[in-house]
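Colleague: next comes the sequence, and after it the predicted model I'd like to discuss.
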Amino acid sequence: MKVIVENRKAYHDYEILDTYEAGIVLKGSEVKSIKQGRVSIKEAYAEVRNGEIYIVGMHVTPYDKDKISHLDPVRPRKLLLHKYEIKRLIGKTQEKGLTLIPLKIYLKNNLIKVLLGLARGKKKYEKREEIKKRILEREIRRALKKEIT
């Protein structure tokens, strides 16, 4: 598994409750462009449209050697999931405060996959508490390391 792009900020801004692996429907030279790492998922999210799930806001820079196809770099792209997963996600996303966000795009057996996260937004004070906890754990590790040596 080769990670192409990862949305690290999502782990800071959201509490990830569950993850799902999905394929993406791509056209033309988008595959080559994504394999080169010319994709951004910072502002992207997934939504349900007519019983199907689409990723919205994912920017795929056009492949520079492609002269024929002129695709919109930010067009919604269909995600490929099992029917039972889609039904479950439809129910979950209708709950208040839950959303689907892409966590990473990676290659798996030479296929481009998206790891979707069912997420709940964190409040500002929750983010601060998490940072404080991380700092405390780091200081404890340093103290233990000094005692050992």
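Modeller: Right, received. Where do you want to start? Residues are numbered from 1 along each chain as shown.
Colleague: residue 132 falls within a helix, correct?
Modeller: Yes - Residue 132: assigned to a helix according to DSSP: H, G, I helix; E, B strand; the rest coil.
Colleague: and it, how many neighbours?
Modeller: 10 (other CB atoms under 10 Å). From N, CA and C alone the C-beta is placed, and that goes for glycine too.
Colleague: and residue 143, by the same measure?
Modeller: Residue 143 has 10 nearby residues by other CB under 10 Å.
Colleague: confidence score at it?
Modeller: Residue 143 carries a pLDDT value of 89.
Colleague: host element of it?
Modeller: Element membership for residue 143, per DSSP states H and E: helix 124-148.
Colleague: which residues touch that helix?
Modeller: 12, 13, 15, 122 (CB atoms under 8 Å, 6 or more residues apart in numbering).
Colleague: select only the buried ones of these in ChimeraX?
Modeller: One line in ChimeraX is enough to select the buried members of the contacts of helix 124-148, burial here meaning 16 or more other CB atoms under 10 Å:
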select :122
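Colleague: just put the contacts of helix 124-148 in JSON lines and tack on distance to residue 111 and secondary structure.
Modeller: What follows is those, written out as JSON lines (distance: CB to CB, whole Å; DSSP: H, G, I helix; E, B strand; the rest coil):
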{"residue": "12", "distance to residue 111": "29", "secondary structure": "helix"}
{"residue": "13", "distance to residue 111": "28", "secondary structure": "helix"}
{"residue": "15", "distance to residue 111": "29", "secondary structure": "strand"}
{"residue": "122", "distance to residue 111": "32", "secondary structure": "coil"}
